[in-house]
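>>> 3D model of this:
(chains A and B)
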Amino acid sequence: MNAVIEEHHDHDHKPGGIGRWLFSTNHKDIGSMYLWFAFLMFFIGGSLALLIRAELFQPGLQIVEPDFFNQLTTLHGLIMVFGVIMPAFVGLANWQLPMMIGAPDMALPRMNNWSFWLLPGAFGMLLASLVMSIMGMGSAPNFGWTFYAPLSTTYGPSSTDFFIFSVHLMGISSVMGAINVIATIMNMRAPGMNYMKMPIFVWTWFITAYLLIAVMPVLAGAVTMMLTDRHFGTSFFNAAGGGDPVMFQHIFWFFGHPEVYIMILPAFGIISQIVPTFSRKPLFGYSSMVYATASIAFLSFIVWAHHMFTTGMPVAGELFFMYSTMLIAVPTGVKVFNWVSTMWKGSLTFETPMLFAIAFIFLFTMGGFTGLMLCIVPADFQYHDTYFVVAHFHYVLVTGAAFSIMAAVYYWLPKWTGHMYDEKLGKLHFWLTCISSNVLFFPMHFIGLAGMPRRIPDYALQFTEFNQIATIGAFVFGFSQLIFLYLIIKCVRGGEKATSEVWEGAQGLEFELPSPAPFHSYTTPPEVK
Amino acid sequence: MRAVSRPLGLACLLLVSNPLYADYQLNLEPGVTSFSQGAYNIHTIVMWICVIIGIVVYGAMTYSILKHRKSKHPNPAKFDDNTTVEILWTVIPVLILIGMAVPATKVLLAMEDTSNSDMSIKVTGYQWKWHYDYVGEDVGFFSNLSTPKSQIDNAEAKGEHYLLEVDNRIVIPTNKKVRFLFTSNDVIHAWWVPAFGVKKDAIPGFINESWANVSEPGIYRGQCAELCGANHGFMPIVVEAMDEPDYLAWLDSKKAEKAAATASADKTWTMDELMSQGESTYNTNCAACHMVGGEGLPGAFPGLKGSAIATGDINKHIEVVLQGVAGTGMQAFGPQLNDADLAAIITYERNAWGNNTGDMVQPSDIKAARK
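Model (predicted):
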């Protein structure tokens, strides 16, 4: 797969063949590997989702056993979160950060190589457990991507240890990636680019990197405690030994909630780059965007227990977490209002990146609304662990994060390859993706409110119609992504030459470099006024 | 707020009761308790606030998309900030949020007050069934899914209450404040009856509480709402609310049932009695893992057909069933089932599916093994 993105720049002193990729210290090559890795995982995680949706097409068990169904939901979640959204954002950071701040490369290129090459090992191990399960050699992790104890400890299958090791590797990879981002942004900005002149994408990644460093070790701690509970006689999460199963959830969500913002802050950055370009108008409220991002990051640390309202915490705790969660709506609202105001009285055109960005604003806001509904504790007692929650986080993560990644790929692909992509195909991909994702996820609101719990392989008859609609949407959505794959390969191979500016309204240092961008980006730093 | 919520609620109700959607439901159900109605009202308020904000934001975007496109608006404006509107759209959302928080807090405080209850029922989650214990009444029983496997496997047409039906319903009296105490025997489960607005996790080592005061007699159905293993989707909850006299009569019948079971444990059973009792009890309690045909689920749950335990030492077999196997999914059934049921299950396991050991286990053997 890597062969297709081989470019032909001479005089760059890179090793040829497979060595170029294995030993790469170049931010562009590593960025490409991250993006291709995420794309491959997107198809694998997506295939698991299609199996889930196929089973749910009708009531009754047709395709998979309940235990295997649980393995599918678990691996679908883990792969999409840790194998698709996060690596794709790191890939975009790798490609874009040096170009956007006027640097030749990332600050720590060897660590960059290592943090990528940990990922195939981590996911190889995780997927191995699924392969073994299919071959009848024990069960893959089957406790949901949130792996609540004691289901994942005392009651977990043997493959849980593969899972634990795999999560450790992903954590090390993410933390190293984050250190690299921070070191690059702090030290390698072009002369004159002070913090409040950085592009918003750089800002959002800067803040995201701090979140990663703060919470990935917490996740590592949680899985380490699981490991010692399973094998070394501790009882962190085992009530029979004096431990506390609810503490697991506190630790997990203290990681998990910032993690949610790790998956959306870079998306905010991408949208804030794209909307001004195609509105031909500067971003509205740059500084309020920065402050809003920082306040969302801060708030993300004090809202974790809103995932746990039904665990029976004291009413004072429920009220605190409800109020703090409501507060997140304020900076998030500011962002949406800023994007709308950026478009207001602009001069808008609707190339594919802009279409995905507009769809992001519409649909991410939908996810925001349901998020606001979910934080209302009495109502959450009804929504919790139903398909309403599934609808909520898929609106935020698929039509939010994943759409922003697609928007970013369309936006910067001409800069990466030197060719314009096929706009007709791009629009076809957009419309199919946008419509089918709503056919897929919107009915989930209804079945959730009607009372269908999540993570069940079979359901009562009154949920049939909307499950069928969702499954149809899922298959259209899944197969539409093949268009995206074809379009990217086609664009890498050739096409209309892209100018250095690429888009009429494009601003920023990356658009002052020729397309395709030179292997070492800015070898002499540009002056920023 | 109440003045606002009533017309909004009505509008919502009209939407839901639209005859087009006769079979399926689009919205939350108002339910039959103050909990569920409180949740429904606050849900309705917040949803409509979101709809209104959505109309404003999406309206502005749509207007901009239509009117400010390059073909109609070739010269973009240059502005990039406006302190007044930025303050406004920070302050107004805060006010709206306070408007949501006040009623939400009121509803929540009422829900969390479990004092002055008339009776208590202890609810214990097991993989994958519920146990109900009427505190102080000496009545307790398991409630298992009663949908036949053939319906789940599509060999037979599915019934009206497919997956939402059980062998023993929990019965509560109407117009009484019934307190529920939740805990678990193994992993975390969650007890959820949408019509009551009650969803609470059942956590091993913890006791959570909630309550319901139901005024309408009727049958209310719900499901486990926390992933609890392979058969998470197959442990429903069915609650029947009865007027008090009916409830008391039901309670007496449950007590009589228990007395009869104790009496039958003292007699000596025949092989046929043990096998027929064993088959039904096995299918209810054991087949979820070991399967109806005793073949188990390779890799997850061991089979019993021809297994070393089911065909080997009888005392070891009794011990495994009574005590469970630590660190595996095999629960201790000693505290869960009575002597007669256990004797029947073990006899059945030793003679079904070609195991044919010819061994018979009597309730008295179980009683002896318990000591």
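>>> quick check: phi and psi at A:Lys490.
The phi/psi pair for A:Lys490 (degrees, to the nearest 10) reads phi -60, psi -40.
>>> which residues in chain B form helices?
All helices of chain B, identified by DSSP state H, fall at B:2-16, B:34-67, B:83-111, B:149-152, B:244-266, B:271-285, B:287-290, B:308-311, B:314-323, B:339-351, B:363-370.
>>> so which bits of the third one are buried?
Going back to what we said before, that points to helix B:83-111. B:86, B:89-90, B:93, B:96-97, B:100-101, B:103-105, B:107-108, B:111 (16 or more other Cβ atoms under 10 Å in any protein chain shown). In short, each C-beta sits where N, CA and C put it, glycine included.
>>> of these, which one scores lowest on pLDDT?
When these are compared on pLDDT, B:Met111 comes out lowest, with 82.
>>> for that one, what are its contacts?
For B:Met111, the residues meeting the contact criterion (Cβ atoms under 8 Å, 6 or more residues apart in numbering or on different chains) are A:378, A:381, B:35, B:38, B:197, B:210.
>>> and the first one, what does it touch?
Each residue near A:Pro378 by Cβ under 8 Å, 6+ apart is listed here: B:35, B:38-39, B:42, B:104, B:107-108, B:111, B:197.
>>> could you export the contacts of B:Met111 as CSV, including distance to A:Phe298?
Converted to CSV, the contacts of B:Met111 look like this (distance: Cβ to Cβ, whole Å):
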residue, distance to A:Phe298
A:Pro378, 27
A:Phe381, 28
B:Phe35, 34
B:Gly38, 32
B:Gly197, 33
B:Ser210, 33
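>>> looking at those, which two lie furthest apart in space?
The largest separation in the contacts of B:Met111, counting by Cβ to Cβ, is between B:Gly38 and B:Ser210 at 13.1 Å.
>>> could you look up the SS state of the closest residue to A:Leu108 other than its chain neighbours?
Nearest residue to A:Leu108, sequence neighbours excluded (Cβ to Cβ, 6 or more residues apart in numbering or on different chains): A:Asn180, at 4.7 Å. Following DSSP: H, G, I helix; E, B strand; the rest coil, the label given to A:Asn180 is helix.
>>> for the residue lying closest to B:Gln151 once chain neighbours are set aside, give its distance to B:Gly293.
Closest residue to B:Gln151 apart from its sequence neighbours, by Cβ to Cβ, 6+ apart: B:Lys158 at 5.0 Å. The gap separating B:Lys158 from B:Gly293 is 22 Å, by Cβ to Cβ, to the nearest Å.
>>> between those two, which is the more surrounded one?
Neighbour comparison, B:Lys158 and B:Gly293: the larger count goes to B:Lys158, with 19 against 12 (by other Cβ atoms under 10 Å in any protein chain shown).
>>> what residues does the more buried one make contact with?
A:59-60, A:461, B:147, B:151.
>>> check which helices and strands the helix or strand where A:Phe393 lies sits against.
When elements are assigned from DSSP states H and E, A:Phe393 belongs to helix A:387-396. Under the contact definition 3 or more Cβ pairs under 8 Å, 6 or more residues apart in numbering or on different chains; DSSP states H and E, helix A:387-396 sits against helix A:352-374, helix A:423-450.
>>> and those helices, which is most packed in?
The highest average neighbour count among the helices and strands packed on helix A:387-396, using mean count of other Cβ atoms under 10 Å in any protein chain shown, belongs to helix A:352-374 at a mean of 24.
>>> how far off helix B:83-111 does it point, in degrees?
An angle of 40 degrees separates the directions of helix A:352-374 and helix B:83-111 when computed by axes from the mean of the first three to the mean of the last three Cα atoms, to 10 degrees.
>>> so after helix A:352-374, what's the next helix or strand?
Once helix A:352-374 ends, the next helix or strand along the chain (criterion: DSSP H and E) is helix A:377-383.
>>> leaving out the residues flanking it, which one is nearest to B:Arg179?
For B:Arg179, ignoring the flanking residues on the chain, the nearest one in space by Cβ to Cβ, 6+ apart is B:Ser117 at 3.6 Å.
>>> what's the burial count for the residue in chain A that chain B sits nearest to?
When Cβ to the nearest Cβ is the measure, chain A has its nearest residue to chain B at A:Ala239, with 2.5 Å between them. Counted by other Cβ under 10 Å, the residues lying close to A:Ala239 total 19.
>>> gap between it and A:Thr228?
The span separating A:Ala239 from A:Thr228 equals 16 Å under the rule Cβ to Cβ.
>>> average model confidence for stretch A:521-529?
What stretch A:521-529 shows for mean pLDDT is 88.
>>> please read the previous query as pertaining to stretch A:103-111.
Stretch A:103-111 shows a mean pLDDT of 95.
>>> centre of the chain to it, how far?
Here stretch A:103-111 shows a centroid-to-chain-centroid distance of 23 Å under the convention Cα atoms, centre = their mean, to the nearest Å.
>>> what's the nearest residue in the stretch 201-350 of chain B when you look at chain A?
Per Cβ to the nearest Cβ, B:Gly205 is where the stretch 201-350 of chain B lies closest to chain A, at 2.5 Å.
>>> which non-adjacent residue is nearest that residue?
A:Ala239 (2.5 Å).
>>> tell me the residues of the stretch 101-250 of chain A that contact chain B?
A:133, A:136-139, A:142-144, A:148, A:150-151, A:154-155, A:157, A:239-240, A:243-246 (Cβ under 8 Å from any Cβ of the partner chain).
>>> rerun at 7 Å
Counting by Cβ under 7 Å from any Cβ of the partner chain, the positions of the stretch 101-250 of chain A adjacent to chain B are A:136-139, A:143-144, A:148, A:150-151, A:154-155, A:239, A:245-246.
>>> so how do I select the buried members of these in PyMOL?
Of those, the buried ones go into a single PyMOL selection, burial set by 16+ other Cβ under 10 Å:
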select buried, chain A and resi 139+143+144+148+150+151+154+155+239+245+246
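>>> so which of the residues of the stretch 101-250 of chain A next to chain B comes closest to A:Val492?
Comparing those against A:Val492 with Cβ to Cβ places A:Gly144 closest, at 37.2 Å.
>>> list the residues that contact the closest one.
Residues near A:Gly144 by Cβ atoms under 7 Å, 6 or more residues apart in numbering or on different chains: A:73-74, A:77, A:455, B:227.
>>> now, which of those residues lie within helices?
Using DSSP H, the members of the contacts of A:Gly144 that fall in helices are A:73-74, A:77.
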